[in-house]
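> Quick one, what's the 3D model for this:
(one chain, ligands or ions: 1)
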Amino acid sequence: MEKRELLYEGKAKRLYKTDDSSLLISEYKDDLTAGNAAKKGIEKGKGAINCKISTRLFTLLGEHGIKTHLVKTIDDTNQLIKKVDIILIEVVVRNIATGSLTKRLGIKDGTVLPFALVEFYYKDDALNDPILNDEHCIMMDLVKSESDLEELKRLGRDINSILKKFFEERRLNLVDFKVEFGVDSEGNILLADEISPDSCRLWDMDTNEKLDKDLFRQNLGSVKVAYKEVLNRILK
Ligand code: TMP
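Purely as a prediction, here's the structure:
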């Protein structure tokens, strides 16, 4: 598969066209951003670690019947993916209260939620990804119908159940995560983007140590050692 011109550069990945118009190449970068790129950093090798973590998690989800954009992983930092129209809704699923949920609602940090909470955020950096309710999503034409929103919620919960169990078996608590979806040429909703410690919160089940991008967000130190630890555990 030939890597052709750059189509789009995001905060953590570059997307390239290929010689097949239905396929793209996603290249993982070493860049780290927080607060919608207000804070920036680079950790050499982070992209390769996240590419491996995301490959393992997308493969796992695929084995459990979740349709994803991943076709194959080409090398350390490049994945061949199906071209989709990204739905501009970030689906966040939370098991434990932290981050923006505790700030917005005053829930004590670390509170175990009574059920997996699914939230929608508008994928718009200039607006700082504001939270959306179902009517906002419909009003703004972010999906075609209410049944698409129901499917996003169902997919978010199913992905959570699969990942939560997988991580628990590796002594990691899946605190929360963000996923993105896209629509392929046949109208199927596919899991897109990535799942890595850049986009989920993982706490060591025995020590409560953070093994995710909060280390960078909160200036707690290098993320690379933590991401490597996550990779080592999920490859077991
Ligand atoms: P939050 O507590 O900041 O709302 O984040 C919830 C989870 O979603 C956390 O794992 C980080 C992830 N997330 C992203 O990866 N990108 C985003 O733009 C947002 C809003 C959340």
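> Ramachandran coordinates for the residue nearest to Leu105 when sequence neighbours are not counted?
Nearest residue to Leu105, sequence neighbours excluded (CB to CB, 6 or more residues apart in numbering): Ala97, at 7.9 Å. Quick note: C-beta positions are derived from backbone N, CA and C, even for glycine. When read as degrees, to the nearest 10, the backbone of Ala97 gives phi -70, psi 130.
> Name the residue of the protein with the shortest distance to the ligand.
Nearest residue of the chain to the ligand: Gly99, at 2.2 Å (CB to the nearest ligand atom).
> Model confidence score at the closest residue in space to Thr55 that isn't next to it in sequence, please.
Leaving aside its chain neighbours, Thr55 sits nearest to Thr73 (4.5 Å; criterion: CB to CB, 6+ apart). You'll see Thr73 listed with a pLDDT of 98.
> right, and Thr73 touches Phe58 too?
No: contact criterion CB atoms under 8 Å: Thr73 and Phe58 do not qualify, at 9.0 Å.
> Between the two, which has more neighbouring residues?
Taking other CB atoms under 10 Å, Thr73 and Phe58 do not tie; Phe58 has more neighbours (22 against 19).
> Wait, the more buried one touches Ile195, no?
Yes: using CB under 8 Å, Phe58 makes contact with Ile195 at a distance of 7.0 Å.
> picking up where we left off before, and the residue nearest to Leu105, what does it touch?
Listed by CB atoms under 8 Å, 6 or more residues apart in numbering, the contact set of Ala97 reads Leu105, Ile107, Lys108, Asp109, Gly110, Thr111, Leu113.
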